[in-house]
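Student: structure here, sequence nowhere to be found:
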């Protein structure tokens, strides 16, 4: 259901980015890149409240004609961005939320792998498989 | 005697993440310090041996197991008491050789490898080799020379982790005077 999943480091460089239709890869990269500004805006706008409630989910960042972009930021300021096909109306906020939580858990496991150096690109097979499962899930 | 007091037979609780990450940090540091995986494996085995020769004293003091009469009994104690006490798992014992001097410990889940994914450039690293060293060292202190090695590892795509144990000989000359 997700067409593009990206993990962005604290310093705003990509740790992981993957999209399904390979031919449009650049378009999705561009979309994710643009969304980072919205993420920053959201964080600074509701920064205080965000910290208090420990709410990591940022909600819909911006919709385009064909896609919706959602964001999530961890307490360590790592960002997850997910692009979803907007024709998929069945996808509710709650599902997006649980997908992000899954992504977050998987990311935590990657961080706990002693062979992974924080800040490197994520090349874990387990993480890759999880993202794939999120992309092909039919609803 | 205060030392005795806080060493009951009950196992103390400890965060498994802390344990797993500590072991992970140890192995990755060894990988940085040594050029090839064989050296790391050797070093892990050596460290395990040094742990084993000490751990056996703690084990015997806490578990109250008596002398084992044959290798099968030893295998049972290792799997059901020792692994349970120190790692919280109970491996199963299978694949006895006809002569009864070789068996396999099957670990369904290995707490040492919880988050680990072996990178491609460390394909010959035996990540949990420390365990082999521990087994070897501990049994050597009770007059048994054994060989322990990994034959299957979940990190390398196998469905279970298997440690093959082989009895080599009894170490007679270490027997204290007056026994047997």
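Tutor: All right, it came through fine. As the structure is a computational prediction, the values presented were derived from the model and not from experiment. Residues are numbered from 1 along each chain as shown, chains lettered A, B, ... in the order given.

Student: get me the contact residues on chain B for chain A.
Tutor: Within chain B, the positions adjacent to chain A are B:17, B:20-21, B:24-25, B:27-28, B:31, B:114-119, B:122 by CB under 8 Å from any CB of the partner chain. Yep, even glycine has a C-beta here, placed from its N, CA and C like the rest.

Student: and the strands in chain B?
Tutor: B:92-94, B:102-107, B:144-152, B:161-170 (DSSP state E).

Student: reformat those strands as CSV; add mean neighbour count and mean pLDDT.
Tutor: Shown next, in CSV, are the strands of chain B (neighbours: other CB atoms under 10 Å in any protein chain shown; pLDDT from 0 to 100):
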stretch, mean neighbour count, mean pLDDT
strand B:92-94, 13, 92
strand B:102-107, 20, 93
strand B:144-152, 16, 92
strand B:161-170, 17, 91
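
Student: residue boundaries of the strands in chain A?
Tutor: Counting by DSSP E, the strands of chain A are A:2-8, A:14-19, A:57-63, A:67-73, A:79-85.

Student: so which of those gets nearest chain B?
Tutor: Nearest to chain B among those is strand A:14-19 (14.3 Å), distances taken as CB to the nearest CB.

Student: and the closest one, how far out from the chain's middle?
Tutor: Relative to its chain's centre, strand A:14-19 lies at 9 Å (CA atoms, centre = their mean, to the nearest Å).

Student: what sits against the residue nearest the centre of chain B?
Tutor: In chain B, the C-alpha nearest the mean C-alpha coordinate belongs to residue B:131, at 3.2 Å (CA atoms, centre = their mean). Residues near residue B:131 by CB atoms under 8 Å, 6 or more residues apart in numbering or on different chains: B:48, B:112, B:148, B:163.

Student: let's go with 10 Å and repeat that
Tutor: For residue B:131, the contact set (CB atoms under 10 Å, 6 or more residues apart in numbering or on different chains) comprises B:44-45, B:48, B:51-52, B:83, B:86-87, B:105, B:107, B:110, B:112, B:148, B:150, B:161, B:163.

Student: and which of these is nearest chain A?
Tutor: Among those, and counting by CB to the nearest CB, the member closest to chain A is residue B:112, at 10.4 Å.

Student: in a markdown table, list the strands of chain A along with mean neighbour count, mean pLDDT and distance to chain B.
Tutor: Shown next, in a markdown table, are those (neighbours: other CB atoms under 10 Å in any protein chain shown; pLDDT from 0 to 100; distance: least, CB to the nearest CB, whole Å):
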| stretch | mean neighbour count | mean pLDDT | distance to chain B |
| --- | --- | --- | --- |
| strand A:2-8 | 24 | 89 | 16 |
| strand A:14-19 | 19 | 88 | 14 |
| strand A:57-63 | 16 | 83 | 25 |
| strand A:67-73 | 22 | 89 | 21 |
| strand A:79-85 | 23 | 89 | 19 |
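
Student: no further questions, thank you.
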